[in-house]
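>>> got a sequence here, can you build the structure:
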Amino acid sequence: MDSEILLALVKTTMPFGKYKDRYICNLPESYLVWFHSQGFPPGKLGILLGTMYEIKLNGLEYLLDPLKKR
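Numbers count the residues shown, from 1 in each chain. Coordinates of the predicted model:
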């Protein structure tokens with residue numbers, strides 16, 4: 001997994017919608033599941049949302065803890 005993507009998950013905020021301005025890493029799993037069923041948006045945001053979906057799906061959120069402290 002690309003370390004730049006992991007770092008972006010803790011530094012990038014959601015640009016629109018119900019969870020606007022919330023960090024991608026803090027989005028609820030239900031929201032990511034909804035995006036997964038509807039299709040992730042194109043570009044970097046879609047990559048980040050898809051990555052966060054996979055991280056939460058597999059219980060790997062702890063991987064982001066050291067990055068949140070930066």
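>>> which residues touch the lengthiest helix in the chain?
For the chain, the longest helix by residue count, based on DSSP state H, is helix 43-57. Identification of contacts with helix 43-57 by Cβ atoms under 8 Å, 6 or more residues apart in numbering yields 1, 5-6, 8-9, 12, 15, 24-25, 27, 29, 32-33, 35-36, 40-41, 60-61, 63-64. Every residue, glycine included, has its C-beta placed from N, CA and C.
>>> now a ChimeraX select for only the buried ones of those residues.
To isolate the buried members of these in ChimeraX, using 16 or more other Cβ atoms under 10 Å:
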select :6,8,9,12,24,25,27,32,35,40,64
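>>> may I see the buried residues of the longest helix of the chain?
Quick answer for helix 43-57 (16+ other Cβ under 10 Å): 45, 48, 49, 50, 51, 52, 53, 55, 56.
>>> helix, strand, or coil at residue 25?
For residue 25, the secondary-structure state derived from DSSP: H, G, I helix; E, B strand; the rest coil is helix.
>>> run a quick check on it versus residue 65, I expect a contact.
No - contact criterion Cβ atoms under 8 Å: residue 25 and residue 65 do not qualify, at 9.7 Å.
>>> quick one: low-confidence parts of this protein?
1, 70 (pLDDT under 70).
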